[in-house]
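[1] Need the 3D shape of this:
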Amino acid sequence: MIKDWWNIRYLDEAIRYVEVRSGKKEFGIRAIQADRIRYDLVHEWIQYCQEQHDSECQNLHGQPPVTGLRVIDCHTRSVVSAPPGCRYVALSYVWGDPPNPDPTSPTRFAPVVQDSITAALALGYEYLRVDKHCINQGDSGDKHEQVSQMNAIYAVADLTFIAASGNSEDDGLPGVGIKSRQPQEKIVVGDLTLTQGFCHLQPMLLKSKWATRAWTFQEGCLSRRSLFFTDQQVYFACNGMYCAESVDSR
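    Now for the predicted structure:
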């Protein structure tokens, strides 16, 4: 079953997630910081999916290991052959046309890749898979081999980062590096603080450059777990659940 980001198809499972974690089924608005992502929340969502979604989110369609898979070692920032059974994050983003003469050089990693490395490490992942760096762009044979396995590359990935903000690789991930997010509006009325709630993922994707490309849309559909980085907050979607950083359980 392919997840559908255009409506909340998994509200029942989201409510069950809230009930399991808090003992209640109530939702509220969580205050979040514009310059910092709640990685603890994201980690909790991933863990819940891994523990509860046995059939929906565990290696879609029984994909076999990827032949010749290369990944970025997030500690050394070098491109290496993927260790057997390694858990990696895949990155889905719009390349754009910035100058990048040597995509194999760690010093030439664009902001979106640099921020993805930071976010991957913050979530406990050691490896990141990025098309531009993990496919030998000058070797037509390698490109054919890797492109022909694109379904498995994203289905086998433990998580996919989706850069739904910005127009090119020069735009980093909001809330990770130097690129900040839209601050939440707050109004204090006596002892009561009213906090702005951000919109559903659908309108954010509809106006994104990422959603205009068939290639990136395919990457999103093939991924079993996705973390969307937008100008307001991060959203998590898998084949059984949808979560937003600013939505709190009480």
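[2] In this structure, which helix is the longest?
    When the chain is parsed with DSSP state H, its longest helix is helix 39-52.
[3] following that helix, which helix or strand shows up next?
    Using DSSP states H and E, the helix or strand that follows helix 39-52 towards the C-terminus is strand 70-73.
[4] Tell me the helices and strands packed up against that following strand.
    For strand 70-73, the packing partners by 3 or more CB pairs under 8 Å, 6 or more residues apart in numbering; DSSP states H and E come out as strand 78-81, strand 127-129, helix 131-134. From N, CA and C alone the C-beta is placed, and that goes for glycine too.
[5] and the gap between Leu173 and Val89?
    For Leu173, the distance to Val89 equals 12 Å [CB to CB, to the nearest Å].
[6] Quick check: neighbours shared by these two?
    Shared contacts of Leu173 and Val89 (CB atoms under 8 Å, 6 or more residues apart in numbering): Ser116, Ala119, Phe161.
[7] Quick check: which of the helices and strands packed on strand 70-73 has the most neighbours on average?
    Comparing the helices and strands packed on strand 70-73 by mean neighbour count (mean count of other CB atoms under 10 Å), strand 127-129 comes out on top with a mean of 25.
[8] Give me the mean pLDDT for it.
    When pLDDT is averaged over strand 127-129, the result is 96.
[9] Walk me through which strands that strand pairs with, and which way each runs.
    strand 70-73 (antiparallel), strand 88-92 (parallel) (DSSP bridges).
[10] Report the distance from the longest helix of the chain to the chain centre.
    Between the centre of helix 39-52 and the centre of its host chain there is 13 Å, according to CA atoms, centre = their mean, to the nearest Å.
[11] Does anything pack onto it? Which helices or strands?
    Applying 3+ CB pairs under 8 Å, 6+ apart, we find helix 39-52 packed against helix 11-22, strand 225-229, strand 234-238.
[12] Where among those is average confidence lowest?
    Least confident of these, judged by mean pLDDT, is helix 11-22 with a mean of 48.
[13] Using CSV, write down the CA coordinates of the longest helix of the chain.
    The C-alpha coordinates for helix 39-52 follow below in CSV (Å, rounded to 0.1, in the frame of the first residue of the first chain):
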residue,chain,number,x,y,z
TYR,A,39,15.0,15.1,16.9
ASP,A,40,13.7,13.3,20.0
LEU,A,41,10.2,13.4,18.5
VAL,A,42,11.4,12.2,15.2
HIS,A,43,13.3,9.3,16.8
GLU,A,44,10.2,8.4,18.7
TRP,A,45,8.1,8.3,15.5
ILE,A,46,10.6,6.1,13.8
GLN,A,47,10.9,3.8,16.8
TYR,A,48,7.1,3.4,17.0
CYS,A,49,6.9,2.6,13.3
GLN,A,50,9.6,0.0,13.6
GLU,A,51,7.9,-1.6,16.6
GLN,A,52,4.3,-1.5,15.5
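[14] what inclination does that helix have with respect to strand 225-229?
    160 degrees (axes from the mean of the first three to the mean of the last three CA atoms, to 10 degrees).
[15] Could you list the buried residues of helix 39-52?
    Residues Tyr39, Leu41, Val42, Trp45, Ile46, Tyr48, Cys49, Gln52 are the ones in helix 39-52 that count as buried (16 or more other CB atoms under 10 Å).
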